[in-house]
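1. I would like to see how this sequence folds:
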Amino acid sequence: MSRLLLLEANDNRRWVGSRVGPKIHVLPIALLGLAGFAKSVAPDVDVKVVETSLMAPDDETLAFIIAQYNPTWIGVRSISLFVEEVRRVVRVARSVTSAPTILGGPIATALKTLNFAEIPELDYAAVQEGEPVLAELLKGTALQEIPGVYSRGASGIIANRPAPPPRILDALPRPDLQLVDLDSYAHHLSYAYNQRRQGVLVTSRGCPYSCTYCFQISEAPVRLQSAERVLDDIRSMVEEFDVHDFYVIDDIFNVNRKRAMAIFRELAELNLSARLYFVNGLRVDLCDEEFVDAMVLAGTVWVTYAIESAHPRIQALVKKKLDLEHARRIINYTQRQGIVVNVNTMFGFPTETPDEAQVTLDYLGSLDHPSLLPYHFNLRGYPGCEIVDQAEESGWNREAFLNTGFSSYGDLPAGSPTFSRHAMMEHMLQFHQRYGLANRQHLDYSVRTLRHIGYSERELCDMYTVLQNRPIASVADLLGERRDQPSPQWA
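-> As a prediction, the model looks like this:
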C-alpha cells in the first residue's frame, strides 16, 4: 500500500511572537483537503496528516513519526515565515527515509527556484495549487515530469510549466476531518483566539483585485463553491463532528453577493447553532446594512475588514481603492450589532511619510470603536508581489525588503527611506496608546464584546496572555492594571 505523509510545517512561536502559556493551533485545512482529494483519486492510498508544531515539535519525535509511518511520499506545506521549520522538517526527513519530499503551499509558489537555495536538502517543490500535482503523482508519473513541479537536477533546477488548477470547486471532495483529533485542537486557540471544535471554511479560491502588497498563489480566476455546497459542508460538520464554530479564511467571501446572501438566509433558517468568524475574507466596500443584518442573523460573531491605509495617495499606490466613507459607515454599523469587528491597517508603504501614516491612525479614531484586536501591522515584502518593485523604485534595498517576509508579525520595524525607524516606533506606540491593549477604555469594550458573543473566562485569559505576552490569571487581573505599571510587551 502506498502511504502519503502530509506535514504542515509551522512554528507557533514565530507566528504569534509569544513564548508564554497558550498556543495557537488551527486545523491544517489545506492538507486535509488534499488528503480527501488523494483518497478520491486513489482509494487504496493511506494518508496521514501531521502539524509539526503540535505533534512533532522536536527532531526525535518527528523522526519517529516518519520512520514508523514509512511513507512512500512526503508532502510539506508552509509559508515563508516558517522557512526555518521547513529546513528542519526536510533535514529530519532526509535523515530517516529515502522517500521523496515535496514542498508545497505559499512558500513554494513564492520562492520558486529560490526554495532550493533556502532549503539545501530539498529536491522537489510543487507550485500553485496542489490537486493536479497530487493526481499525477498518484497515477505513477515521475516527479520530474509532473506539471507544476520544480526539481533539483545534476545540471541545476528544472522548472516544469504550471499545472492547470481545479476549475469547479464543488467537484472536489470535502477535507478529511477524520485525520485530525478535533478534541486536541479544541484545547488550543483558534484563528479567533478561542478554544472550540474548529470548522475551517475555504469556500472560494482567488481574488479579482490587484492590491500590490498581496500574494496570489494561483494565476487562475476566482472560483466559488456553490451556496449549496457550502451549506452541505457546514451541515455535515455540525451533524457528523459536532462542530459549531466556523472560521472563514477565503480571500474574499463576499465577492459574489448573491451567493453570500443565499448562504446567510439558509443558515438562519436551518437553525444549526452555527457561529461564523470571518477572520479573513470580507471586502468592506461590498457590504451594506442589509448584508450585515443577514450575516449577523446567520450567526456571524466576528468580522475582519481591511482598510490598510486611510490616505488617498497610499490607497491609489497599492491599488486598494476603497470608498473610505462607505467603509466607515459599515464598520460603525457592524460594531453596533454587538459582534467583534477587527479593522486591519498597515504602515510603512513605499514612499509613505509619517504624516500620511498618521491619517490612518486618525481614521481609526473617527470610528465608533477602533479595531477590537490591535491589527496594525508593519508592511512585509513577499516575492511575486508588485509592491516589491514599488519599494525598490522608492529607494529600498530589494533584498532587505524581501527579507521582511521572513519576519514575525511581532518583529520591530526597520524603517524605510521616507519613514525612519524611530518615527515608525513612535507611530506604533501612538497606535497602542490610543487604540491598543494599553487603552483601558477600549480594553473594557473589547472584553464586554467578547463576553457577549460567548467567550469564557479561560478563553479571555488565554487570548490576552498571548496578545500581551505575559500571563493573565483572570479578567479582573487584565482590567485592573494600575496605570503606572510598565507597558505590556506587544505580541
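2. His452 and Gln337 touch, don't they?
-> No. At 10.2 Å, His452 does not count as touching Gln337 under the criterion of Cβ atoms under 8 Å. Heads up, the C-betas are built off the backbone N, CA and C, glycines and all.
3. next one: the closest residue to Leu32 other than its chain neighbours from Ser204, what distance?
-> Using Cβ to Cβ, 6 or more residues apart in numbering and skipping the chain neighbours, the partner closest in space to Leu32 is Pro175 (3.6 Å). Between Pro175 and Ser204 the computed distance is 15 Å (Cβ to Cβ, to the nearest Å).
4. do Leu479 as well
-> In terms of Cβ to Cβ, Leu479 sits 39 Å off from Ser204.
5. neighbour count winner among the two?
-> The neighbour comparison of Leu479 against Ser204 (other Cβ atoms under 10 Å) goes to Ser204, with 22 against 14.
6. so who does the closest residue to Gly105 other than its chain neighbours touch?
-> Spatial nearest neighbour of Gly105, excluding adjacent residues (Cβ to Cβ, 6+ apart): Arg77 at 3.7 Å. Taking Cβ atoms under 8 Å, 6 or more residues apart in numbering, we find Arg77 in contact with 6-9, 28, 30-31, 103-105.
7. try Ala391
-> Residues in contact with Ala391, defined by Cβ under 8 Å, 6+ apart, are 350, 381, 398, 401, 416.
8. buried among the residues you listed? Need that as a selection in ChimeraX.
-> Those of the contacts of Ala391 that count as buried under 16 or more other Cβ atoms under 10 Å are selected in ChimeraX with:
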select :350,381,401,416
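9. for the stretch 51-200 of the chain, which spans come out with low pLDDT?
-> Scanning the stretch 51-200 of the chain for pLDDT under 70 picks out no residues.
10. where along it do the strands fall?
-> All strands of the stretch 51-200 of the chain, identified by DSSP state E, counting those that start in this stretch, fall at 73-77, 101-104, 124-126, 149-153, 156-159, 198-201.
11. between these, which gets nearest to Leu54?
-> strand 198-201 (12.5 Å; Cβ to Cβ).
12. how far off centre is that closest one?
-> Remark: strand 198-201 is offset 13 Å from the chain centroid, using Cα atoms, centre = their mean, to the nearest Å.
13. try stretch 55-62
-> Distance of stretch 55-62 from the chain centroid (Cα atoms, centre = their mean) equals 24 Å.
14. neighbouring contacts of that stretch?
-> Here stretch 55-62 makes contact (Cβ under 8 Å, 6+ apart) with 50, 52, 65, 88-89, 92.
15. quick one: buried residues of that stretch?
-> By neighbour count on 16+ other Cβ under 10 Å, the buried set for stretch 55-62 is 55-57, 62.
16. show me those residues that map onto helices.
-> Of the buried residues of stretch 55-62, the ones assigned to helices by DSSP state H are 55, 62.
17. need the buried residues of stretch 55-62 in CSV with distance to Trp73, can you?
-> CSV is the format used below for the buried residues of stretch 55-62 (distance: Cβ to Cβ, whole Å):
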residue, distance to Trp73
Met55, 19
Ala56, 18
Pro57, 23
Leu62, 16
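18. which of the buried residues of stretch 55-62 lies closest to Ala316?
-> Comparing those against Ala316 with Cβ to Cβ places Pro57 closest, at 44.6 Å.
19. before we move on, the earlier item: between all of the contacts of Ala391, which two are at the greatest distance?
-> Maximum pairwise distance among these (Cβ to Cβ): 13.0 Å, between Arg398 and Ser416.
20. what distance do you get for Ser210 to Lys321?
-> Here the criterion is Cβ to Cβ. By it, Ser210 lies 10 Å from Lys321.
21. which ones are touching Lys321?
-> Neighbours of Lys321 in contact, by Cβ under 8 Å, 6+ apart: Gln315.
22. in what helix or strand does it lie?
-> Per DSSP states H and E, Lys321 falls between elements, in no helix or strand.
23. show residues contacting the host helix or strand of Tyr247.
-> Per DSSP H and E, Tyr247 falls inside strand 245-248. If you take Cβ under 8 Å, 6+ apart as the criterion, strand 245-248 is touched by 26, 190-192, 194, 196-201, 203, 234, 237, 274-281.
24. hmm, 7 Å instead?
-> Residues outside strand 245-248 that contact it (Cβ atoms under 7 Å, 6 or more residues apart in numbering) are 190-192, 196-201, 203, 234, 274-279, 281.
25. now the helices for the stretch 1-150 of the chain?
-> Per DSSP state H, counting those that start in this stretch, the stretch 1-150 of the chain carries helices over the ranges 12-16, 29-41, 52-55, 59-69, 83-96, 106-111, 114-118, 131-139.
26. brilliant, that's me finished.
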